[in-house]
Structure formats: structure tokens, C-alpha cells
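>>> task: produce atomic coordinates for the following.
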Amino acid sequence: MTITRCSWANPDNPLYLKYHDEEWGVPCHDETRLFEMLNLEGAQAGLSWSTILNKRENYRIAFDQWDAEKIARYDARKVAELLANAGIVRNRLKVAATVNNAQVYLRLREEVGGLDPFLWAYVDGKPLLNKRKSISETPAKTPLSDQLSKDLAKRGFKFVGSTIIYAYMQAIGMVNDHAKDCFCYKAP
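Next up is the predicted model:
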């Protein structure tokens, strides 16, 4: 029996298939993963998602398993170490944004409890289920991603433009944009 997946799920890359089948569009409420994905989506800007997926384990090691408290304290020496690490995207602005985002995240956690309550309030705690026939019908951004992007930027987060945030919303399951014929699509 053939399994039908979204057209973007590269069958030649096991990491891509696993990501599509087990993560993308699945509601996430884990703070560490929410923080990880926010930064990975930002790191992906201008690159392919497969580049980031292939470097994901390296990112976890380089950024202390996405421990925001540790990342928030990174100094110039640690940043220089990261910029020399071929296992991640060595972009000064993206590395600096991750350190900044850790600091902003810690403030957000103190104020509202973290990314989980902050993000999921935008969709009343329930994923938005779109009914797209193919990936070509999926927008790069929406009015909701525009608003969330603005609100994250106001708080001080970096690399949170609307297109990045829409991809983030898909990645953490706030939005389920699996094609209707994909086995991961969940009809209401």
C-alpha cells in the first residue's frame, strides 16, 4: 500500500520524511521544542529547510540542547566558537539573534509562562486546519502570522518576519497545512 504525503516531503531524505510524518502540523506544547523551532526557522531564512534539518543535531549540541538559560549567558568567546562551528549555519546575525531570543524568551516566560501560552492564545488553543489540495495553495504568510510576527518583534525577538512565523506556525502545529490527500491530514 502506498502512503500519500504532501508533495514537499522528500522521499530521498529520511530526516525530511520523519519531520513530515511525525512533527510538521502536530500540535507542540513543549517549551524547549517551541524555542528550538523558533530559532531553527529563523536560521533557515534564505536557505532550504533540508539544510537546517541536516544540521539539527549539530544545533542541539552547539546550543546546549536549546537551554535558554545557558544560551542567554553566551559571551563573545562562545559566539566566536559558534561562528567557527561548521555544523551550524555560521551567520553572525543569526547566531546573535539566537542569544537575543533566549534573553527575550526568559522575560516572556516570567511574564506569561512561556511560548506555549503566548502562542496558542492566538488560535484559542486549537490548531487551525486548512483544506488545501496541494502545497501550491499554501500562502507564505497570513494576517495571523503578520500579527504574531509583529507581537514577537515588539517583545524583542529577532528573525521573526511573517513568512518565518507562518512556517513556524506550521512546524509547531498551530496550523495544519497538510494536503487533504496526505495521510497526516486530520479532518474535523
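
>>> for this structure, just list every one of the helices.
14-22, 31-44, 49-62, 68-71, 76-83, 92-112, 115-120, 143-155, 162-171 (DSSP state H).

>>> average pLDDT across the shortest one?
Along helix 68-71, the predicted confidence averages to a pLDDT of 98.

>>> what's that helix packed up against?
On a contact count with 3 or more C-beta pairs under 8 Å, 6 or more residues apart in numbering; DSSP states H and E, helix 68-71 meets helix 92-112. In this view, the C-beta of every residue, glycine as well, is placed from N, C-alpha and C.

>>> now do the contacts for the spatially most central residue of the chain.
Geometric centre of the chain, nearest residue: Met37, 3.0 Å, by C-alpha atoms, centre = their mean. Contacts for Met37 (C-beta atoms under 8 Å, 6 or more residues apart in numbering) come out as Cys28, Tyr168, Ala171, Ile172.

>>> what does stretch 96-107 contact?
Stretch 96-107 has contacts (C-beta under 8 Å, 6+ apart) with 35, 38-39, 42-43, 63, 68-69, 71-72, 74, 79, 114-115, 155-159.

>>> what do you get if the cut-off is 7 Å, keeping everything else the same?
The contact list for stretch 96-107 (C-beta atoms under 7 Å, 6 or more residues apart in numbering) reads 35, 38-39, 42, 63, 68-69, 71-72, 74, 79, 115, 155-159.

>>> what of stretch 137-148?
By C-beta under 7 Å, 6+ apart, stretch 137-148 touches Tyr122, Arg132, Ser162, Thr163, Ile165, Tyr166, Met169, Asp177.

>>> just the buried ones from those residues, in PyMOL syntax?
In PyMOL syntax, the buried subset of the contacts of stretch 137-148 is picked out as below (16 or more other C-beta atoms under 10 Å):
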select buried, resi 132+162+165+166+169+177
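
>>> may I ask which two of the contacts of stretch 137-148 are separated the most?
Tyr122 and Arg132 (20.0 Å; C-beta to C-beta).

>>> still on that earlier bit, can you lay out the helices of the chain as JSON lines showing distance to Ser7?
Formatted as JSON lines, these follow (distance: least, C-beta to C-beta, whole Å):
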{"stretch": "helix 14-22", "distance to Ser7": "10"}
{"stretch": "helix 31-44", "distance to Ser7": "19"}
{"stretch": "helix 49-62", "distance to Ser7": "14"}
{"stretch": "helix 68-71", "distance to Ser7": "35"}
{"stretch": "helix 76-83", "distance to Ser7": "34"}
{"stretch": "helix 92-112", "distance to Ser7": "28"}
{"stretch": "helix 115-120", "distance to Ser7": "27"}
{"stretch": "helix 143-155", "distance to Ser7": "22"}
{"stretch": "helix 162-171", "distance to Ser7": "15"}
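
>>> before we move on, the earlier item: quickly name whichever of the contacts of Met37 is closest to Leu17.
Nearest to Leu17 among the contacts of Met37, with distances taken as C-beta to C-beta, is Ala171, at 15.3 Å.
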